[in-house]
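Peer 1: how would this look folded up:
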Amino acid sequence: MNTSSPRLQNKFGQCGINQDFCTKSESATGAPGTSAPGTNGCISNCGMDVVVGSAPAASISIGYFEAFNRNRPCLNMVITAMDLTTYTHVHLSFGEVTRSWEIDVSGIQEQWELFLEQVGFNKILSLGGWSFSTEPATYSIFRDAVAPGNQDTFVANIVSFVTKYDLDGIDIDWECKFAASGQSLSTV
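Peer 2: Numbers count the residues shown, from 1 in each chain. Predicted coordinates:
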């Protein structure tokens, strides 16, 4: 990792591609996902340097499906209504994590069962999302799950879940680095 050039981000911690979108911020350690005290960090560790490499061996097409939308009176869809044949990877959102670091899909159970029946693409379950990452009842779960005393259990539970359901991956969608109180999670 090149720690000599700072990562760039906007005031929400999202990375951009130019100086207008980003502000420079470097933590004392230079570790990915960190920034100087009192600033918003760039959690994806991006910058403005263009890296040119060889083309991938095969192209991929990624789709994201909102499984949590079934209770809406309109603008909702069952996953089987989509033509998924053009995708090499599909993320189903959102599963949750319990306080015992288990994966919970009960909130999207109907869509989850239909998702598992689909074939022809890599299946990835996205965990978290904006609400899970920011609501007072759940915002601390990811932070607690990755704490040194809980990491091994959390990882073992993820591996067990992926194996049990023959998934191709898990996407941890920890969207907001701020606690419900507005404090940075690093200071909570």
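Peer 1: Model confidence score at residue 134, please.
Peer 2: Looking at residue 134, its pLDDT is 85.
Peer 1: And the longest helix belonging to the chain, what's buried?
Peer 2: The helix that spans the most residues within the chain, counting by DSSP state H, is helix 151-164. Neighbour-count burial for helix 151-164, counted by 16 or more other CB atoms under 10 Å, picks out 154, 157, 158, 161, 162. Every residue, glycine included, has its C-beta placed from N, CA and C.
Peer 1: Give me the mean pLDDT for the helix or strand just after that helix.
Peer 2: Once the chain leaves helix 151-164, the next helix or strand it forms, by DSSP states H and E, is strand 169-173. Average pLDDT, strand 169-173: 95.
Peer 1: What of stretch 90-107?
Peer 2: 96.
Peer 1: all helices for the protein, in order.
Peer 2: Counting by DSSP H, the helices of the chain are 109-117, 130-134, 140-145, 151-164.
Peer 1: and these as JSON lines, adding distance to residue 28?
Peer 2: JSON lines is the format used below for the helices of the chain (distance: least, CB to CB, whole Å):
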{"stretch": "helix 109-117", "distance to residue 28": "42"}
{"stretch": "helix 130-134", "distance to residue 28": "25"}
{"stretch": "helix 140-145", "distance to residue 28": "20"}
{"stretch": "helix 151-164", "distance to residue 28": "23"}
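Peer 1: can you tell which of these is closest to residue 74?
Peer 2: Evaluated over these, closeness to residue 74 peaks at helix 109-117, with 16.9 Å, by CB to CB.
Peer 1: Tell me which stretches of the chain form strands.
Peer 2: For the chain, the strands defined by DSSP state E occupy 7-9, 23-25, 62-66, 89-97, 103-104, 122-128, 169-173.
Peer 1: Output those as TSV; include the columns mean neighbour count and distance to residue 141.
Peer 2: Below are the strands of the chain laid out as TSV (neighbours: other CB atoms under 10 Å; distance: least, CB to CB, whole Å):
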stretch	mean neighbour count	distance to residue 141
strand 7-9	23	24
strand 23-25	17	26
strand 62-66	16	20
strand 89-97	21	5
strand 103-104	17	10
strand 122-128	20	8
strand 169-173	16	11
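Peer 1: Let's have those strands in a markdown table, adding distance to residue 113.
Peer 2: Putting those into a markdown table (distance: least, CB to CB, whole Å) gives the following:
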| stretch | distance to residue 113 |
| --- | --- |
| strand 7-9 | 39 |
| strand 23-25 | 44 |
| strand 62-66 | 14 |
| strand 89-97 | 11 |
| strand 103-104 | 14 |
| strand 122-128 | 13 |
| strand 169-173 | 18 |
